[in-house]
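1. this is the structure alone, sequence omitted:
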């Protein structure tokens, strides 16, 4: 099986596996969606911040109107509905802050104060706290302590669920985010493995590796940023760190992909521009991550710098696109569409993020990121672009192979030609220990047939003879038409007996294939073997020629001797 076929078979298996995964997720989603829904605690709340008290507020309508400071306390106080289940769990979403929950004056949940005292970054995610039995009508107080300036600008709506179904309902609400994340992770992992395997054969498959790595990193970021990873990872501090690290790292394989596509041509400026981007993104990722783990700065505080780097990468992409030759291939067009799709969704999400954080923090639909869907669409189009690229390579390889075959193929008989024979002679002569047999063959009566019956009949004679020796020496040696009425058979030395047996059958096969043509098939041949002379004699006999050429000349002499004997016997 050739490499291209292996690649496409592997991709077919991948797509079937992912379709099966989608079916499983859909089934599980149907099961998980059958539970009871949560109770929304949107208000009324009493909110205290910076010495100011706000009564009877709705969380969905309230905005702080200022940047919160690190370590200041924001408290909301309210009464739980009376019709809550006997066993209930409250679910609170918050960002980069410590969280405390009290019910009737008793603390039932606390997160993040140790990390806050140590100066470490706090996690963003959902906090689950089981309420006391029969919590209906109880007074609840939730306190948020930001771990850094401007950690959040509004408080998302709080929900209460039946304790028996809270995690099922949470999983159901995160279904599509988790599905996209797992889908892209599986896709990226399989594509990366396939590309690594294929790279051992040819380095052109590194492009697919970059697509796979980008998909892997983006899938992890999607699961972390949408908090769907909490289904699998309970440590929100760890998942928040991973959210930033995977996002910052994902741009590196994208830049390397851009380098592979547009940085390998003759345009030196393009190559320098893209290499600068690769270096810039890698340096930023290393420095931001290093400073975070060294405790110098929280990685979340470098997000604005990352946004600037993304803009630089986009500008570089556009510059290299306009500077380069007009891209006419399907793969190049699909790449442009993929990148345009990603940056449109990225720009929309960047706009959504900043509008929600600074202008409209109470707008519910702005809470959900559109980037996961943009990333899914981008990677699928990018994958199609990569498939199209490899399809173009397969066509190019087939074209080159066809040209190569035609260069070494005799057009009349379909056998190898003299150019191929000369190439084989070089290989056979490279090692003094090579044991090979050469048979020089000459088709009798070709000139007379051409003169008497015309070249079309002569060509038919040549074709019939070629068919005879090709079948006769199948598995024994390679048949070559040297030109005109001359033929050659190249065989390994271990086939000496098979060569002898084939030559014994030659006259019989010639007679059987002479039916229907005016001139019967007949030929003379001469056989020579490389082992007829030892190592010292070989160089002396060859006299500056390839040793295989000398052996062929020896076989040719013996062929003419046989031809002379045949003529004298007539």
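-> That came through fine. Computed from a predicted structure; not experimentally measured.
2. report the buried residues of stretch 220-237.
-> Neighbour-count burial for stretch 220-237, counted by 16 or more other Cβ atoms under 10 Å, picks out 220-230, 236-237. C-beta coordinates here come from the backbone N, C-alpha and C atoms, glycine included.
3. and the closest residue to residue 408 other than its chain neighbours, what's its pLDDT?
-> Spatially, and ignoring its direct neighbours in sequence, residue 408 is nearest to residue 420 (3.8 Å; Cβ to Cβ, 6 or more residues apart in numbering). Residue 420 carries a pLDDT value of 90.
4. for residue 161, same thing?
-> Value for residue 161, per-residue pLDDT: 93.
5. assign a three-state SS to it, would you?
-> strand (DSSP: H, G, I helix; E, B strand; the rest coil).
6. give me the element the most centrally placed residue in the chain is part of.
-> The residue lying closest to the centre of the chain (Cα atoms, centre = their mean) is residue 208, at 3.1 Å. Per DSSP states H and E, residue 208 falls inside helix 206-225.
7. ok, then the element right after that helix?
-> By DSSP H and E, the next helix or strand past helix 206-225 is helix 236-262.
8. now that following helix against helix 206-225, angle please.
-> 160 degrees (axes from the mean of the first three to the mean of the last three Cα atoms, to 10 degrees).
9. who are the packing partners of helix 236-262?
-> strand 125-130, helix 206-225, helix 268-293, helix 303-323 (3 or more Cβ pairs under 8 Å, 6 or more residues apart in numbering; DSSP states H and E).
10. compare the ones you listed and give me the one nearest residue 561.
-> helix 206-225 (58.6 Å; Cβ to Cβ).
11. quick one: average pLDDT of that closest one?
-> 88.
12. tell me the angle that helix makes with strand 125-130.
-> 40 degrees.
13. okay, and the helix or strand of this structure with the least pLDDT?
-> helix 3-32 (a mean of 50; mean pLDDT, DSSP states H and E).
14. following element in sequence after that one, please.
-> In N-to-C order, the element after helix 3-32 by DSSP H and E is strand 39-41.
15. what about the strands in this protein?
-> Remark: strands assigned in the chain by DSSP state E are 39-41, 45-49, 52-57, 74-79, 88-94, 97-103, 106-111, 125-130, 139-146, 158-162, 436-443, 477-483, 486-492, 523-529.
16. which of the ones you listed sits most buried?
-> The highest mean neighbour count among the strands of the chain, using mean count of other Cβ atoms under 10 Å, belongs to strand 436-443: a mean of 25.
17. just checking: what are the partner strands of that one?
-> strand 486-492 (antiparallel), strand 523-529 (antiparallel) (DSSP bridges).
18. residue 331: which of the ones you listed is closest?
-> Among those, strand 486-492 comes nearest to residue 331, with 41.5 Å by Cβ to Cβ.
19. next, the angle from the closest one to strand 477-483.
-> Using the same axes, to 10 degrees: strand 486-492 against strand 477-483 is 160 degrees.
20. so how far is strand 486-492 off the chain centroid?
-> Computed by Cα atoms, centre = their mean, to the nearest Å, the chain-centroid distance of strand 486-492 equals 46 Å.
21. now stretch 176-185
-> Centroid separation for stretch 176-185 versus its chain: 17 Å, with Cα atoms, centre = their mean.
22. now stretch 431-444
-> The chain centroid and the centroid of stretch 431-444 are separated by 48 Å under Cα atoms, centre = their mean.
23. what about that stretch, start to end distance?
-> Terminal residues of stretch 431-444 lie 35 Å apart, using Cα to Cα, to the nearest Å.
24. one more: stretch 224-237?
-> OK, stretch 224-237 end separation, Cα to Cα: 11 Å.
25. list the contacts of it.
-> Contact partners of stretch 224-237, identified using Cβ atoms under 8 Å, 6 or more residues apart in numbering, comprise 93, 115, 120-127, 167, 170-171, 174, 177-178, 181, 220, 222-223, 239-240, 242-243, 246-247, 369, 371-372.
26. ok, which pair from the buried residues of stretch 220-237 is furthest apart?
-> 222 and 237 (18.8 Å).
27. how close does the nearest residue to residue 248 once chain neighbours are set aside sit to residue 213?
-> Closest residue in space to residue 248, ignoring its immediate chain neighbours: residue 285 at 4.7 Å, by Cβ to Cβ, 6+ apart. Counting by Cβ to Cβ, to the nearest Å, the gap from residue 285 to residue 213 is 13 Å.
28. again, but for residue 182
-> Taking Cβ to Cβ, one finds residue 182 at 17 Å from residue 213.
29. domain assignment for the chain?
-> Domain assignment for the chain by automatic domain parsing gives 39-162, 188-403, 418-569.
30. quick one, longest helix in the chain?
-> helix 371-407 (DSSP state H).
31. so how far is that helix from its chain's centroid?
-> 11 Å.
32. ok and it relative to helix 206-225, angle-wise?
-> Between helix 371-407 and helix 206-225, the angle comes out at 170 degrees (the same axes, to 10 degrees).
33. tell me the buried residues in helix 371-407?
-> 371-390, 393-394.
34. same question for stretch 283-297.
-> 284-285, 288-289, 292.
35. of those residues, closest to residue 512?
-> Nearest to residue 512 among the buried residues of stretch 283-297: residue 285, at 75.0 Å, using Cβ to Cβ.
36. so where's the chain uncertain?
-> Applying pLDDT under 70 to the chain flags the ranges 1-37, 200-204, 263-266, 323-329, 356-369, 402-404, 535-536, 538-542, 569-570.
37. do a quick rundown of the helices in the stretch 401-550 of the chain.
-> 418-429, 446-453, 455-472, 496-512, 535-542, 547-569 (DSSP state H, counting those that start in this stretch).
38. any chance of those in CSV, plus mean neighbour count and distance to residue 407?
-> Listed next are those as CSV, based on neighbours: other Cβ atoms under 10 Å; distance: least, Cβ to Cβ, whole Å:
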stretch, mean neighbour count, distance to residue 407
helix 418-429, 17, 6
helix 446-453, 15, 25
helix 455-472, 18, 18
helix 496-512, 14, 28
helix 535-542, 12, 27
helix 547-569, 17, 20
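39. let me have the ones you listed in CSV, adding distance to residue 134 as columns.
-> As requested, these are exported to CSV (distance: least, Cβ to Cβ, whole Å):
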stretch, distance to residue 134
helix 418-429, 90
helix 446-453, 109
helix 455-472, 93
helix 496-512, 94
helix 535-542, 101
helix 547-569, 98
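40. what does the residue lying closest to residue 531 once chain neighbours are set aside show for phi and psi?
-> Leaving out its chain neighbours, the residue that sits closest to residue 531 by Cβ to Cβ, 6+ apart is residue 435, at 5.4 Å. Main-chain torsions, residue 435, degrees, to the nearest 10: phi -110, psi 110.
41. which residues touch residue 435?
-> Residue 435 neighbours (Cβ under 8 Å, 6+ apart): 492-494, 529-531.
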